[in-house]
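**Student:** this one's structure only:
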């Protein structure tokens with residue numbers, strides 16, 4: 001199951017936070033496409049070239065799992081990449097993928 005929360009809405013896009021109960025491959029992509037809100041730039045389930053970033057607009061900010069040998073909880077965090085940070089700045093300013101208002 002995928003839980004999601006709207007962080008910020010834009011004219012044609014929505015910035016969301018997702019939390020997975022399981023870690024299935026491309027689960028977020030499938031679930032969001034299923035409810036009619038595919039990820040921007042998703043080559044399989046959504047429009048391919050909608051925003052000026054490399055690849056799809058998906059970032060794993062935090063991952064956690066139990067190590068299979070030590071049984072210790074492992075947790076990793078990563079900041080939003082620079083191209084996605086700039087994308088949010090542009091969307092907040094009303095600039096679309098062509099660079100126009």
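**Tutor:** Good, I have the coordinates. Just so you know, these numbers come straight off a predicted model, no measurement behind them.
**Student:** got a list of contacts for stretch 51-63?
**Tutor:** Stretch 51-63 has contacts (C-beta atoms under 8 Å, 6 or more residues apart in numbering) with 13, 28-29, 39-43, 46, 75-81, 83-84, 87, 90, 97, 99. Where you see a C-beta, it was placed from the backbone N, CA and C, and this is true even at glycine.
**Student:** Inside helices: which ones of the residues you listed?
**Tutor:** Judged by DSSP state H, the subset of those located in helices is 28-29, 83-84, 87, 90.
**Student:** low-confidence ranges in the protein?
**Tutor:** Along the chain, segments meeting pLDDT under 70 span 48-49, 96-101.
**Student:** Quick check: the gap between the residue positioned nearest the centre of it and residue 50.
**Tutor:** Note on the chain: the residue nearest the mean C-alpha position is residue 58, at 2.7 Å, using C-alpha atoms, centre = their mean. Using C-beta to C-beta, to the nearest Å, one obtains 13 Å as the distance from residue 58 to residue 50.
**Student:** can I assume residue 36 sits in a helix?
**Tutor:** No: going by DSSP: H, G, I helix; E, B strand; the rest coil, the assignment for residue 36 is coil, not a helix.
**Student:** okay, now it: neighbour count?
**Tutor:** Counted with other C-beta atoms under 10 Å, residues neighbouring residue 36 total 6.
**Student:** what does the one 4 residues further on give?
**Tutor:** A total of 20 residues lie near residue 40 under the criterion other C-beta under 10 Å.
**Student:** if I read this right, residue 66 contacts residue 74, doesn't it?
**Tutor:** Yes: Residue 66 lies in contact with residue 74 (C-beta atoms under 8 Å); the separation is 7.4 Å.
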